[in-house]
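> Generate a structure from the sequence data that follows.
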Amino acid sequence: MGKLGDAEQVKPKGLDVGFLCAGWPPDAGGVESHAEDLARALMTRGHRVHVLCLDTNPELVEFSNAESERAGVKIRRLAYAYGDHAALADVIQNLKAEDAIHAWLAETPCDVIHVQHPTGFGLGALRAISDVGVPMVMTLHDYWALCPRGQMLRSDGSLCEVPEPEACGSCLLQTWPHLMPTGSGEPRDASGAAVATDAEAAQARTSLALEWLQLPTRLMAPSEAAKAVYLRAGIAPDRIDVCENGIEVEGLAQAVRELRGEKVAADPVRLGVLGSVQPSKGVLELARTFAALELENLELEIHGPLPSYHGDSSYVDQLKALASENERVRLMGAYKREDLAAILARLDGVAAPSRWEEVFGLSVREARAAGLPVLVSDAGGLPSVAADGAAGMVVSRDDDAAWRAALERFAGDEKARAAWSQAESRPRSSHEMMLQIERTYVETIHEVGGVWPDLIHPIDGLGDAAPAPKRKGLLGRLFGR
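Purely as a prediction, here's the structure:
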């Protein structure tokens with residue numbers, strides 16, 4: 001057998017796309033669902049998708065891996081349960097995970113890597129991919145690159161405009177005292193240099209994150225609001241493209257139509273909240289406002305898991321207590337993705353009362369795909385889903401009186417609900433999203449390597465689809481062999 005660097009093969013048409021993602025279905029999560037939809041759409045264009053993700057089962061041997069395939073996607077799951085963090089620096093840098101990325105890329109040559117979410121791998125994953133020389137893009141699905149808590153929402157419930165060392169240090173001490181210098185964490189940065197205070201540890205992480213975010217050729221944000229957060233943190237405007245996530249619009253709409261029964265006068269009006277219950281989502285606050293109104297014809301259904309929030313379960317405990325005292329607040333539990341159409345078919349609308357600068361708002365976009373009206377807070381990318389009031393209501397996130405009025409109108413104004421349902425505000429489809437991302441892949445490959453890859457379906461306006469050169473192995477890419 002020849003050396004790895006000497007190995008060459010004739011490449012078939014289409015791209016080999018690598019996804020780096022914290023999880024993959026059947027793991028639950030919005031990023032996981034989005035990434036799988038994108039993978040399926042890419043395969044309709046003749047591309048091949050390879051996934052490296054985590055398996056957080058603590059019973060597995062750490063950093064062992066298992067291969068599988070799901071719907072034509074080749075998946076490698078790396079066993080990692082987050083049990084080795086001793087300092088804040090370990091959240092951003094995981095050298096063993098970077099070694100696993102190198103090994104995966106050596107065995108799975110890709111034309112481009114799409115980083116979906118590097119939680120667990122660490123943001124050092126960007127360095128690992130860059131070291132190999134593979135063209136790389138990254139979608140900024142949340143604010144984890146800037147904020148280890150992911151949402152720029154402090155432990156006291158206040159919002160952050162930008163990462164700020166003192167505020168971040170204090171917030172992270174409240175969240176993870178075992179990682180911070182004034183708690184029981186090791187007082188070091190990612191290079192091993194000493195940090196004396198929590199503020200220094202937070203600043204070291206932020207500085208390294210901003211440095212590593214320069215490594216992807218392209219960054220993508222799902223909304224203008226999300227892009228604005230990264231611009232305030234110091235990312236140059238020309239580094240980030242807005243690429244709105246797509247929804248399986250037609251399939252979901254058809255499935256909901258087939259499952260929805262005829263509504264009768266005795267049926268309650270049902271408002272749903274979908275997704276994991278967290279303080280940033282504002283679900284408890286909405287439930288409290290709802291319970292105080294005593295609207296007999298309105299029910300609030302909360303579909304989603306009730307996890308602790310960074311180890312603190314007080315938020316969901318309060319929601320459970322409220323629901324136990326009010327039969328119109330119904331905790332429906334976690335659901336599988338295949339159950340989504342049935343859930344939407346029984347609802348009359350979906351709410352997203354988020355308090356953080358919501359990056360995208362998957363659940364309310366799925367609701368609009370199914371023709372349901374939405375009630376959203378004025379947070380991040382949510383207002384656009386309501387189409388300036390044509391498809392529902394936009395409510396100030398901190399205005400309890402405004403939420404009371406919105407719930408009363410939603411419960412009592414049948415004509416408004418019907419008009420909102422019929423509004424022409426279709427979410428972007430997964431196929432439309434994929435076409436933009438496919439173009440980004442091809443442009444990135446050309447920018448890095450100077451060639452246009454050989455595609456089954458050429459892209460208009462990108463020049464002749466010249467054949468890509470024969471691919472070299474990992475060592476060849478590293479050392480030019």
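> Give me the below-cutoff pLDDT ranges for the stretch 251-400 of the chain.
Low-confidence segments of the stretch 251-400 of the chain (pLDDT under 70): 263-266.
> What are the boundaries of the strands in it?
For the stretch 251-400 of the chain, the strands defined by DSSP state E, counting those that start in this stretch occupy 269-274, 298-303, 329-333, 349-352, 374-377, 392-395.
> what sits up against the first one?
The set of residues external to strand 269-274 that reach it, using CB atoms under 8 Å, 6 or more residues apart in numbering, is 281, 283, 286, 290, 297-304, 335, 340, 343-344, 346-353, 363, 366-367, 375, 407, 410-411, 417. C-beta: built from backbone N, CA, C; applies to glycine.
> Where does the nearest residue to A100 once chain neighbours are set aside sit: helix, strand or coil?
Among residues not flanking A100 along the chain, L78 sits closest, at 5.3 Å (CB to CB, 6 or more residues apart in numbering). Per DSSP: H, G, I helix; E, B strand; the rest coil, the secondary structure class of L78 is strand.
> Check A225 too.
Under the three-state scheme (three-state DSSP), A225 adopts helix.
> What's the local residue count around it?
When neighbours are counted by other CB atoms under 10 Å, A225 registers 20.
> excluding its backbone neighbours, what's nearest it?
That would be G380: by CB to CB, 6+ apart, it lies 4.1 Å from A225.
> pretty sure the one you found contacts E358?
Yes. Judged on CB atoms under 8 Å, G380 makes contact with E358 at a distance of 3.8 Å.
> Could you pull out the residues contacting both of those two?
Taking CB under 8 Å, 6+ apart as the contact criterion, the common neighbours of G380 and E358 are A225.
> Which stretch among the strands of the stretch 251-400 of the chain approaches T197 most closely?
Nearest of those to T197, taken as CB to CB: strand 374-377 at 34.9 Å.
> which strands and helices sit next to that closest one?
Judged by 3 or more CB pairs under 8 Å, 6 or more residues apart in numbering; DSSP states H and E, strand 374-377 is in contact with strand 349-352, helix 362-369, strand 392-395, helix 400-412.
> Mind giving me the packing neighbours of the last one?
In this case it means helix 400-412. Secondary-structure packing of helix 400-412 (3+ CB pairs under 8 Å, 6+ apart): strand 269-274, helix 283-293, strand 298-303, strand 374-377, strand 392-395, helix 414-421.
> how does it look with 10 Å?
Packing partners of helix 400-412 (3 or more CB pairs under 10 Å, 6 or more residues apart in numbering; DSSP states H and E): strand 269-274, helix 283-293, strand 298-303, strand 349-352, strand 374-377, strand 392-395, helix 414-421.
> Dump the helices and strands packed on strand 374-377 into CSV; add mean neighbour count and distance to N326 as well.
Below are these laid out as CSV (neighbours: other CB atoms under 10 Å; distance: least, CB to CB, whole Å):
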stretch, mean neighbour count, distance to N326
strand 349-352, 28, 16
helix 362-369, 26, 22
strand 392-395, 25, 21
helix 400-412, 17, 14
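> Nearest to Y143, out of these?
Closest among the helices and strands packed on strand 374-377, once you apply CB to CB, is helix 362-369, at 16.0 Å.
> If you count contacts, what does the closest one end up packed against?
Judged by 3+ CB pairs under 10 Å, 6+ apart, the packing partners of helix 362-369 are helix 30-43, helix 249-259, strand 269-274, helix 340-346, strand 349-352, strand 374-377, strand 392-395, helix 414-421.
> Tabulate those in TSV, adding columns for distance to V195.
Formatted as TSV, these follow (distance: least, CB to CB, whole Å):
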stretch	distance to V195
helix 30-43	30
helix 249-259	48
strand 269-274	40
helix 340-346	45
strand 349-352	38
strand 374-377	37
strand 392-395	42
helix 414-421	52
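> between these, which gets nearest to P118?
Judged by CB to CB, the one of the helices and strands packed on helix 362-369 that comes nearest to P118 is helix 30-43, at 10.9 Å.
> Using CSV, write out the CA atom coordinates for that closest one.
Provided in CSV are the C-alpha atoms of helix 30-43 (Å, rounded to 0.1, in the frame of the first residue of the first chain):
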residue,chain,number,x,y,z
GLY,A,30,-33.0,22.7,15.9
VAL,A,31,-29.4,22.7,14.5
GLU,A,32,-29.5,19.0,14.1
SER,A,33,-32.8,19.1,12.2
HIS,A,34,-31.6,22.0,10.0
ALA,A,35,-28.4,20.3,9.2
GLU,A,36,-30.1,17.1,8.2
ASP,A,37,-32.6,19.0,6.0
LEU,A,38,-29.6,20.7,4.3
ALA,A,39,-27.9,17.3,3.8
ARG,A,40,-30.9,15.8,2.2
ALA,A,41,-31.3,18.8,-0.1
LEU,A,42,-27.6,18.7,-1.1
MET,A,43,-27.9,15.0,-2.1
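> Quick check, pLDDT for the closest residue to H141 other than its chain neighbours.
Excluding the flanking residues, the one nearest H141 by CB to CB, 6+ apart is V31, at 5.0 Å. Looking at V31, its pLDDT is 92.
> show me the contacts for V31.
21-24, 116-117, 119, 139, 141-142, 245, 360, 362 (CB atoms under 10 Å, 6 or more residues apart in numbering).
> Take the residues you listed and lay them out in CSV including secondary structure and distance to A125.
As requested, the contacts of V31 are arranged in CSV below (DSSP: H, G, I helix; E, B strand; the rest coil; distance: CB to CB, whole Å):
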residue, secondary structure, distance to A125
C21, coil, 11
A22, coil, 10
G23, coil, 14
W24, coil, 15
Q116, coil, 11
H117, coil, 10
T119, coil, 10
T139, strand, 14
H141, coil, 14
D142, coil, 16
N245, coil, 21
F360, coil, 22
L362, helix, 24
